[in-house]
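Q: need the 3D shape of this:
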Amino acid sequence: LSIAHVMPQLGYLTPTKDGKRNLPASYFIDLATWQRINLVYTAKAMTHLRQIRYEAERADLVDRFIHVVEHRYGHALAARVEKAKIELTDRSSAEVAVKLPGAEFTAEITRSGLDATIARDIERVTATVGQTIRDAEVKPSDITAVFLTGGSTAIPLAKREILSLVPQASVIEGDMFGSVGLGLALDAQRKFG
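A: Residues are numbered from 1 along each chain as shown. Next up, the predicted model:
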């Protein structure tokens with residue numbers, strides 16, 4: 001979601017001045033990936049960002065990226081994108097607003113934009129659910145209840161596609177935001193005591 005809707009505001013997919021290629025994508029991917037954000041805070045990354053700024057057709061966008069990095073705003077930005085994703089579960093649009101000196105912008109994300117961004121992932125999930133039903137050698141009509149848990153199951157497209165496989169099943173919803181963490185904690189306790 002961040003790559004598709006926020007990173008273009010920071011220079012992602014910006015061509016070089018000569019128009020022969022786009023700027024390297026790796027820094028944008030790092031900034032959009034929670035566990036990789038710290039990689040853009042290194043001196044080496046900052047030096048390279050300043051170098052590619054001079055190659056960029058839109059240096060102003062790379063300047064925004066540099067300001068986000070200088071202010072170490074990467075995790076806060078990722079949290080804002082996550083908040084927008086959550087808002088899109090019951091709204092048609094949400095905004096990610098950034099107001100840093102030298103890096104002020106707003107990225108509007110629509111539910112249809114979210115759906116387009118995650119469509120392939122949802123196809124893989126529904127294919128896996130369908131295969132699981134076949135592997136279990138049960139008919140979809142024999143499934144009477146579906147337990148949905150974890151924040152992604154609140155995304156309307158995900159929920160709709162999963163439930164389309166078993167339309168007669170009743171829906172039981174778990175703790176959308178705590179159940180995955182609880183499951184990991186229980187598994188860790190089982191494995192490590």
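Q: would you indicate which residues of stretch 169-182 are buried?
A: 169, 176, 179 (16 or more other Cβ atoms under 10 Å). The way it works is simple: take the backbone N, C-alpha and C, and place the C-beta from them, glycine included.
Q: and the last one, how close does it get to residue 154?
A: Note on residue 179: its distance to residue 154, by Cβ to Cβ, to the nearest Å, is 12 Å.
Q: sorry, back to before: so of the buried residues of stretch 169-182, which ones are in helices?
A: residue 179 (DSSP state H).
Q: of the buried residues of stretch 169-182, closest to residue 144?
A: residue 169 (5.8 Å; Cβ to Cβ).
Q: what sits against that closest one?
A: Residue 169 makes contact with 143-146, 163, according to Cβ atoms under 8 Å, 6 or more residues apart in numbering.
Q: now it. Its backbone dihedrals?
A: When quoted as degrees, to the nearest 10, the phi and psi of residue 169 stand at phi -70, psi 140.
Q: residue contacts, residue 46?
A: Counting by Cβ under 8 Å, 6+ apart, residue 46 has contacts 40, 66, 69-70.
Q: coming back round to it: quick one, which of the contacts of residue 169 are buried?
A: Buried, going by 16+ other Cβ under 10 Å: 143, 146, 163, out of the contacts of residue 169.
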